[in-house]
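Asks: Predicted coordinates and the sequence they were generated for:
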Amino acid sequence: MVSYDDLRLATGNFNQENLLGKGSFGSVYKGNLREGSPIAVKVLDVERTGSWKSFLAECAALRSVRHRNLVKLITSCSSIDFKNMEFLALVYEFMSNGSLEDWIRGKRRHTNGDGLNIVERLNVAIDVACVVNYLHHENGAQVVHCDLKPSNILLDEDMTAKVGDFGLAKLLISRTRDQSSISSTRGVKGSVGYIPPEYGLGEKPSTAGDVYSYGITLLELFTGKTPTDEIFTGGSSLKEWVKMAFPASIEQVLDQDLLPNKGSLCHEGKSISPEAQHDCLIALLGVGLSCTVDSPNGRISMSDALCKLKSSRDMLLKFDLFISIYIKLLYICCIYMNLSGGFLCK
C-alpha cells in the first residue's frame, strides 16, 4: 500500500489542476510518484453510502483478473487524512489519451485535427469486447462489470483501449466451490442509458446485462450520440433510432466523421474504399443492435460479438488489401510489358 502523504505529494495536495474527472464514487487526479511514474489516483467519497463496498469490490475484481485491456491497479490506500477523516484511494496506471467519451464528444482529437476513424473505433470496440469476453468466459471467476460506458473506457499512448472503474463490479460464479460471491452496491447497477431493461425490473446483474451496456456503447461509438441525448424523448431511444435507419439508411445516424462518402480512407499505407467502409459500418451497427435486444435471452453473447467484430475488421482490411495487391501486380505487369516492348500499357 501507499500512504496518504505519498498521494498528497504526488497530486500536489489534490490540486484541482490535476483533477481528471469525477465518477459515481469519487474523484480522479493525475499524479507522479517519487520515482517519476505518472499515475491516476481515484479518491473515493467516503461520505457517500456504498463507498467502502465500491472500494472492496474494485479491489476484489481487479485482484482476480489480469488482462492487457484492463486499466492496471497499482496499489491502494486506506488511511486517515490531515483532517483525521477516513481516506480511501485506488492508484492506477495513467492513461494519457483520456476516455473514449472525450473522443466521441470531440474534446480530444489527433494532432492533425482528425477524430477517430472507422478502423480506430473498430479497434477500440474489439479491445473492449476482448476484455469483457475474458471477464465473462475465460477468467477463473466470472466477473460482471455492471457499468460499461465510454467514460469508463480509457486509451493509452498507443490508443489501446482499457476498461476501468470496477466500483459496481460483481463477482458472480466462482470456479471453486469454497469461494463465495460478492456484491458491491444496492439497487439498480449501472448508469442511466446503459442499464439493461431487466435491471429496472429487479433482475440480478448478469453477463447479458453487460452485453446490453456494451451494445449501447458500440452504437454510441459509431453514431456519436449518447443514449441520454435530448433528441431521444418519449418512447424513442438510441437503439430504436438506429434500428429505424438500419440497414438501408445508416448514413442518417452515423457520426459525421465516419460518412463513407467522404472518400477512401488511408490506413497504414492501404486505401479503404467508401464501399468497404459502408459494408463494415452496417455489420458493426448490426452487432450493436444484436447486443441490445430487450430480452436477455435474445442477445448474442460477448464471445459471439467479439467474433463478428474481428471478422468485420478482417473483411474491411483484407478486401482492400486484395485490391491493392491486384493493382500492384497489374502495375508490375505494365512495367514488364513496356520493358519487353509489349503494347499493353502504351
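Replies: Cool, got the structure.

Asks: Just give me the residue closest to the centre of this structure.
Replies: Ile153 (4.1 Å; C-alpha atoms, centre = their mean).

Asks: Show me the beta-bridge partners of it.
Replies: Val163 (DSSP bridges).

Asks: pretty sure it contacts Asn97?
Replies: No - using C-beta atoms under 8 Å, Ile153 makes no contact with Asn97, being 10.9 Å away. Just so you know, the C-beta spots here come from the backbone N, C-alpha and C atoms, and that holds for glycine as well.

Asks: In the stretch 201-346 of the chain, mark out all the helices, start to finish.
Replies: 207-223, 238-245, 274-291, 302-339 (DSSP state H, counting those that start in this stretch).

Asks: How much space separates His278 from Leu238?
Replies: Per C-beta to C-beta, to the nearest Å, His278 is found 21 Å from Leu238.

Asks: Check for me that Cys59 belongs to a helix.
Replies: Yes - under DSSP: H, G, I helix; E, B strand; the rest coil, Cys59 sits within a helix.

Asks: Now do the contacts for it.
Replies: 73, 76, 90 (C-beta atoms under 8 Å, 6 or more residues apart in numbering).

Asks: What are the phi and psi values at the first one?
Replies: Just to be clear, that refers to Leu73. phi -80, psi 120 (degrees, to the nearest 10).

Asks: tally of neighbours for it?
Replies: By other C-beta atoms under 10 Å, 19 other residues sit near Leu73.

Asks: In a markdown table, list the contacts of Cys59 along with pLDDT and distance to Phe246.
Replies: Converted to a markdown table, these look like this (pLDDT from 0 to 100; distance: C-beta to C-beta, whole Å):
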| residue | pLDDT | distance to Phe246 |
| --- | --- | --- |
| Leu73 | 86 | 39 |
| Ser76 | 88 | 44 |
| Leu90 | 89 | 40 |
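
Asks: from those, which is closest to Gly286?
Replies: Within the contacts of Cys59, the smallest distance to Gly286 is 34.9 Å, found for Leu73 (C-beta to C-beta).

Asks: Enumerate every residue touching Asp6.
Replies: By C-beta under 8 Å, 6+ apart, Asp6 lies in contact with 33-34, 77.

Asks: quick one: low-confidence parts of the stretch 151-300 of the chain?
Replies: For the stretch 151-300 of the chain, the stretches flagged by pLDDT under 70 are 167-169, 171-189, 261-262.

Asks: If we use 90, what do you get?
Replies: Applying pLDDT under 90 to the stretch 151-300 of the chain flags residues 164-191, 233-235, 259-271, 273.

Asks: show me what contacts the residue nearest to the centre of the chain?
Replies: Taking C-beta under 8 Å, 6+ apart, one finds 99-101, 124, 128, 161-164, 217 in contact with Ile153.

Asks: Please identify the one among those residues that lies nearest to Met1.
Replies: Gly164 (19.6 Å).

Asks: how close does that closest one get to Gly224?
Replies: 22 Å.

Asks: do Glu268 as well
Replies: Glu268 is 24 Å from Gly224, by C-beta to C-beta.

Asks: Among the two, which residue is more densely surrounded?
Replies: Higher neighbour count among Glu268 and Gly224: Gly224, with 18 against 6, using other C-beta under 10 Å.
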